[in-house]
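1. Here is a sequence together with a model predicted from it:
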Amino acid sequence: MKTFAVLIMAAGESRRFSDPFTKKPFVLLDNRPVWMHSAERFLKRPDVKQVILVVSPDDRETFLRKFGANVAFLELELADGGKERFHSVENGLKKVQKEVDYVAVHDAARPCLSELWIDDVFEAAIQHGAAILAAPITGTIKRAKKEGETFWIEDTVSREHLWEAQTPQVFRKDLLEKAYRERGDFKATDDAQLVQRLGQKVQIVPCDRMNIKITTKADIKLAERILPALPKPAIGF
């Protein structure tokens, strides 16, 4: 059986979340913090050998005061976040066990993740070395230009073959480690972008738009409705 380590990324600044005192991974969703929903999706899997929660050093003291007992009970490891997301992933990678085969990187702020979607993206990574969950773009896309404080439509972009990247993004460990060793000054927006720079193909695994990322307080209410509606494995399968 191939083995996985999972990096749960909870070190962002939550700039768009309207509560200045609570970052979005730490707010309560269905009476549990958002990050815990995300972590628990992986903890019961026999193929997951490590779950590493990446938290900003500025938040560590407060985080441990609030959730230290949960971290100990769930046997999670902690890693320090960095200035940018890619710095945080680099720090998390340093804690991955040598014998692990694959690394999954998941947003702590994506708590509405189905076990079936994890199955699909893990299997795709095993088959092809690199895979991500993504949802097809369904809306009409406009490219705009800004004049002063006003945006004006410049062009309508075809949505054919356009996908919105989600997480988890899953890679063979050696691939992801090499991608970060060779990053240089390149500022990647996600891990798949770095892995592609090696010439590695990354498979898209279609996923439902229910796999939302908590960005605003309104998203918490939406996530409360999504959680009980997530697809579940067939009983006895």
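-> Arrived safely.
2. Please identify the buried residues of stretch 52-72?
-> 52-56, 59, 63, 67, 70-71 (16 or more other CB atoms under 10 Å). Where C-beta positions appear, they are placed from N, C-alpha and C, glycine not excepted.
3. where's that stretch relative to the chain centroid, distance-wise?
-> 18 Å (CA atoms, centre = their mean, to the nearest Å).
4. other SSEs contacting the helix ranked longest in the chain?
-> Taking DSSP state H as the criterion, the chain has its longest helix at helix 57-74. Packing partners of helix 57-74 (3 or more CB pairs under 8 Å, 6 or more residues apart in numbering; DSSP states H and E): strand 32-33, helix 34-43, strand 48-55, strand 77-80.
5. who's in contact with the first one?
-> Taking contacts as CB atoms under 8 Å, 6 or more residues apart in numbering, the residues outside strand 32-33 that touch it are 25-27, 66-67, 70.
6. one step back: convert the longest helix of the chain to CSV, retaining C-alpha atoms only.
-> Taking Å, rounded to 0.1, in the frame of the first residue of the first chain, the C-alpha atoms of helix 57-74 are listed here in CSV:
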residue,chain,number,x,y,z
PRO,A,57,4.4,31.3,14.3
ASP,A,58,2.4,34.4,15.2
ASP,A,59,-0.7,32.2,15.8
ARG,A,60,1.0,29.2,17.5
GLU,A,61,0.7,30.3,21.1
THR,A,62,-3.0,31.2,20.7
PHE,A,63,-3.7,28.1,18.6
LEU,A,64,-2.1,25.8,21.2
ARG,A,65,-4.0,27.5,24.0
LYS,A,66,-7.3,26.9,22.2
PHE,A,67,-6.6,23.6,20.4
GLY,A,68,-3.6,22.0,22.0
ALA,A,69,-5.6,19.2,23.5
ASN,A,70,-7.1,18.5,20.1
VAL,A,71,-3.7,18.4,18.5
ALA,A,72,-2.4,16.0,21.0
PHE,A,73,-5.5,13.7,20.9
LEU,A,74,-5.4,13.6,17.1
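7. What is the most widely separated pair among the contacts of strand 32-33?
-> Using CB to CB, the two most remote members of the contacts of strand 32-33 are 27 and 70, lying 14.6 Å apart.
8. who's residue 32 bridged to?
-> Applying DSSP bridges to residue 32 gives these bridge partners: residue 29.
9. Run through the bridge partners of residue 102.
-> residue 4, residue 172.
10. Might one say that it is in contact with residue 126?
-> Yes. With contact defined as CB atoms under 8 Å, residue 102 and residue 126 form a contacting pair (7.2 Å).
11. okay, and the common contacts of these two?
-> residue 2.
12. Between those two, which has more neighbouring residues?
-> residue 102 (25 against 17; other CB atoms under 10 Å).
13. quick one: that one from residue 184, how far?
-> According to CB to CB, to the nearest Å, residue 102 stands 24 Å off from residue 184.
14. ok, residue 53 touching residue 11?
-> No. With contacts counted by CB under 8 Å, residue 53 stays clear of residue 11, the gap being 9.2 Å.
15. closest to residue 41 among the contacts of strand 32-33?
-> Nearest to residue 41 among the contacts of strand 32-33 is residue 25, at 13.8 Å by CB to CB.
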